[in-house]
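Q: With the input below, show me the fold.
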Amino acid sequence: MLRVFQTDILDPEQFVVTLELVPGRESTGRSVDTVMGIAKDAFADGRISAVSITDNPGGNPSLSPDAIGYRIFSIGMDVIVHFTCRDMNRVGMESRALQLAMMGMKNILALNGDYSGKGFGGQGAPVFDLDSVNLQIMLMLISQRVNAAGDPDGFLTGCAVSPFKQTEGECVAQYAKMSRKVAAGAQFVITQLGYDARKFHELIGIQRYMDLRVPTLGSVYLLTPGAARMINQGRVPGAVVTDPLLHTVLTEWKDKKRGKAAAIERAARLGAILQGLGYRGIHIGGIHRDFSTAGMILNRMAQIKDDWQAFIPRFNFPQPSGFYAFRETPPDPVATPVFGLRPPSVPVVDRVLYPLMRRAHNLFFNFDVPLAPMYRTLCKAMDNNIVGRMFMNLAEHPLKRMLLGCLQCGDCAIQHVGFLCPESGCPKHTRNGACGGSRNGRCEVNPDRQCVWFRAHNRLAANGKIKQMCDGCVPPRMWELNNTSSWLNFHLQRDHQSNASEIAQFCRQASCRLLPEEEV
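A: Have a look, this model is predicted:
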């Protein structure tokens, strides 16, 4: 039976199954044959709507998902191509998107991507020119051009979300960014990996509360001891295996046959729970040798799906002192989320700096204040000669460097991140919200420091401004302004806030929702 992912995922009567495949580092040979064999068997089985092809997972080089994806697509199996922001700038990303459209592979999972790993001669240079929200917008605008050129089928784009976060700040950051991704055009969601039924329940409740009517697939994984150890150690950003679950898996696999049977049963039970909770489908991972294991998971799911509520207690692996947005536990219907029961701990420097910087910004960088025309006149005079520009740089950069670690990008975005710098504060330069890789509030790349969006949430929550985390979308950095004065660029309307480009106009009109401010 020929399955078409776009048709299946948009049909509310369908329970969709997708299968994740991970290419190796060879262009031919056993690893390619294995991936192709799994894809051919999945196609023959008939229950898989699409296989998804990862894009250099872990930031390490592997066979392009476009190349092997096209081979799979050619046999009739529909494909979801993972598209990350790590390795290309916006020019290369647009070129790749056009290539995928020409090849007919239009199901895209748009991701920030893991930080760069080791390749030829050492670690690769991370790019992250766009974030996943801006990538969604770019793909949507390309779809419009494709449609205008006579192709009725544009991209079907999806996004990822990780509800398995330990702190309130990380959870809110994930849900806020999810709302921006949907506003930017995401048409389906795939979760990260976790084994906490209450967190899966929470995500569905948050989507209903935020009125995000987007089909969501829950991740189901064949959990082996090696994979469980890696995830437990934080080596798979965004995924969670707690210490008790790791201990359980290691005990099961003391006998390999018993361990595999337990892994299949765990995956099938989680799939049944997700179907019972109202997920539109499941995304199966961890299938690396042959398709038969995925088939066994689906067969077992079909046998036990009506008993899903009985399995919920087996998926009770909370993180220590973990945050939950709802008091209700599955299968109870969710009510209103509860935030702010544990007020965030905000350092003294943040408590002082945030209100000062917000007041200064509202006074000097606001087109609606009475003095705005005078600021513009002064900046125009300064910009007309080299002495004036040097003076503005000397006035601006040392102060912002001391307070924010400013990198002089010329297109300042601190007002979108709780008056923290996304360029110096985030290795991925995310302007629209947190990536999924933080762990207990710590940065995925630099675990010795807090995630900049975790800090932003705490600042905003302490001041009743949490809604700003999903207040429209933020356009990408304008590199043409690099090493210039952002103060001049703002008042002379050259930066992203005044840009008249198609993406800037879309971002200003994007509608997102998190919480009414008075509820925070």
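Q: C-alpha from now on. contacts and neighbour counts both.
A: OK.
Q: how about the helix or strand harbouring residue 202: buried residues?
A: Assessed by DSSP states H and E, residue 202 sits inside helix 197-209. For helix 197-209, a neighbour-count test (16 or more other Cα atoms under 10 Å) marks 197-207, 209 as buried.
Q: What helices and strands are in contact with that helix?
A: Packing partners of helix 197-209 (3 or more Cα pairs under 8 Å, 6 or more residues apart in numbering; DSSP states H and E): helix 256-277.
Q: Run through who's touching the following helix or strand past the helix it packs on.
A: Next along the chain after helix 256-277, taking DSSP H and E as the criterion, comes strand 281-285. Residues outside strand 281-285 that contact it (Cα atoms under 8 Å, 6 or more residues apart in numbering) are 15-21, 190, 216-222, 271, 274-275, 294.
Q: What strand or helix carries residue 387?
A: helix 386-404.
Q: distance between that helix and the chain's centre?
A: In terms of Cα atoms, centre = their mean, to the nearest Å, the centre of helix 386-404 is found 34 Å from the chain centre.
Q: Next, the buried residues of whatever helix or strand comes next after that helix.
A: Proceeding N to C from helix 386-404, the next assigned helix or strand is helix 422-425, under DSSP H and E. Under the neighbour-count criterion of 16+ other Cα under 10 Å, helix 422-425 has 422-425 buried.
Q: And for stretch 328-338?
A: For stretch 328-338, using 16+ other Cα under 10 Å, the buried residues are 328, 330-331, 334, 337.
Q: Which residue, neighbours along the chain excluded, lies closest to the spatially most central residue of the chain?
A: Nearest to the mean C-alpha position of the chain, by Cα atoms, centre = their mean, lies residue 160 at 4.6 Å. Once flanking residues are discounted, residue 160 sits nearest to residue 190: 4.9 Å by Cα to Cα, 6 or more residues apart in numbering.
Q: mind checking the SS state of the one you found?
A: strand (DSSP: H, G, I helix; E, B strand; the rest coil).
Q: which residues of the stretch 1-150 of the chain fall in helices?
A: 5-9, 30-45, 65-74, 90-103, 132-148 (DSSP state H, counting those that start in this stretch).
Q: looking at the protein, which helix or strand is least sure?
A: helix 502-509 (a mean of 80; mean pLDDT, DSSP states H and E).
Q: That one relative to helix 132-148, how many degrees between them?
A: 120 degrees (axes from the mean of the first three to the mean of the last three Cα atoms, to 10 degrees).
Q: So what touches helix 502-509?
A: Outside helix 502-509, the residues touching it (Cα under 8 Å, 6+ apart) are 137-138, 184, 472-475, 496-499.
Q: repeat that for 10 Å
A: For helix 502-509, contacts defined as Cα atoms under 10 Å, 6 or more residues apart in numbering pick out 133-134, 137-138, 141, 180, 183-184, 471-476, 496-500, 510.
Q: Can you tell me which of the buried residues of stretch 328-338 is nearest residue 96?
A: Checking the buried residues of stretch 328-338 against residue 96 by Cα to Cα gives residue 337 as the nearest, at 39.9 Å.
Q: what about residue 151, how many residues close to it?
A: 12 (other Cα atoms under 10 Å).
Q: So it belongs to a helix, correct?
A: No. The assignment for residue 151, made by three-state DSSP, is coil rather than a helix.
Q: about what we covered before: any chance of the buried residues of stretch 328-338 in TSV, plus pLDDT, secondary structure and distance to residue 165?
A: Below are those laid out as TSV (pLDDT from 0 to 100; DSSP: H, G, I helix; E, B strand; the rest coil; distance: Cα to Cα, whole Å):
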residue	pLDDT	secondary structure	distance to residue 165
328	91	coil	18
330	94	coil	18
331	92	coil	20
334	88	coil	19
337	90	coil	16
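Q: Quick check: residue 458 touching residue 420?
A: No. Counting by Cα atoms under 10 Å, residue 458 stays clear of residue 420, with 11.6 Å between them.
Q: Find residues that contact each of these two.
A: Contact criterion Cα under 10 Å, 6+ apart; residues shared by residue 458 and residue 420: 350, 452.
Q: pLDDT weak spots in the protein?
A: 1-2, 513-520 (pLDDT under 70).
Q: can you rerun that using 80?
A: Applying pLDDT under 80 to the chain picks out residues 1-3, 340-343, 499-502, 508-520.
Q: got the contact list for residue 97?
A: 83, 103, 105-106, 108, 138-139, 142-143, 155.
Q: right, and the pair among those with maximum separation?
A: The widest separation within those (Cα to Cα) is 18.1 Å, between 103 and 138.
Q: and the two? which has more neighbours close in?
A: The neighbour comparison of residue 103 against residue 138 (other Cα under 10 Å) goes to residue 138, with 20 against 14.
Q: Do I have it right that that one meets residue 96?
A: No. Using Cα under 10 Å, residue 138 is not in contact with residue 96, being 11.6 Å away.
Q: Spit out the residues that contact the two alike.
A: Joint contacts of residue 138 and residue 96 (Cα under 10 Å, 6+ apart) are residue 90.
Q: first vs last residue of stretch 436-449, how far apart are they?
A: 16 Å (Cα to Cα, to the nearest Å).
Q: in it, what's buried?
A: 436-445.
Q: of all these, which two lie farthest apart?
A: Going by Cα to Cα, the pair spanning these furthest: 440 and 445, at 13.1 Å.
Q: Helices of the stretch 351-500 of the chain, residue ranges please.
A: Under DSSP H, counting those that start in this stretch, the stretch 351-500 of the chain gives helices at 372-383, 386-404, 422-425, 452-462, 486-491.
Q: Dump these into CSV; add distance to residue 228 as well.
A: Shown next, in CSV, are those (distance: least, Cα to Cα, whole Å):
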stretch, distance to residue 228
helix 372-383, 57
helix 386-404, 38
helix 422-425, 30
helix 452-462, 26
helix 486-491, 46
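Q: Isn't residue 101 up against residue 152?
A: No. Using Cα under 10 Å, residue 101 is not in contact with residue 152; the gap is 11.5 Å.
Q: Now the common contact residues for the two.
A: By Cα under 10 Å, 6+ apart, the residues touching both residue 101 and residue 152 are 143, 146.
Q: the more surrounded of those two?
A: residue 101 (19 against 10).
Q: hang on, the earlier thing: quick check: buried residues in the least confident helix or strand of the chain?
A: Per 16+ other Cα under 10 Å, helix 502-509 contains these buried residues: 503-504, 506-507.
Q: what do you get for stretch 122-131?
A: Quick answer for stretch 122-131 (16+ other Cα under 10 Å): 124, 126-131.
Q: got those residues as a markdown table, with distance to residue 368 columns?
A: What follows is those, written out as a markdown table (distance: Cα to Cα, whole Å):
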| residue | distance to residue 368 |
| --- | --- |
| 124 | 44 |
| 126 | 38 |
| 127 | 36 |
| 128 | 33 |
| 129 | 31 |
| 130 | 29 |
| 131 | 29 |
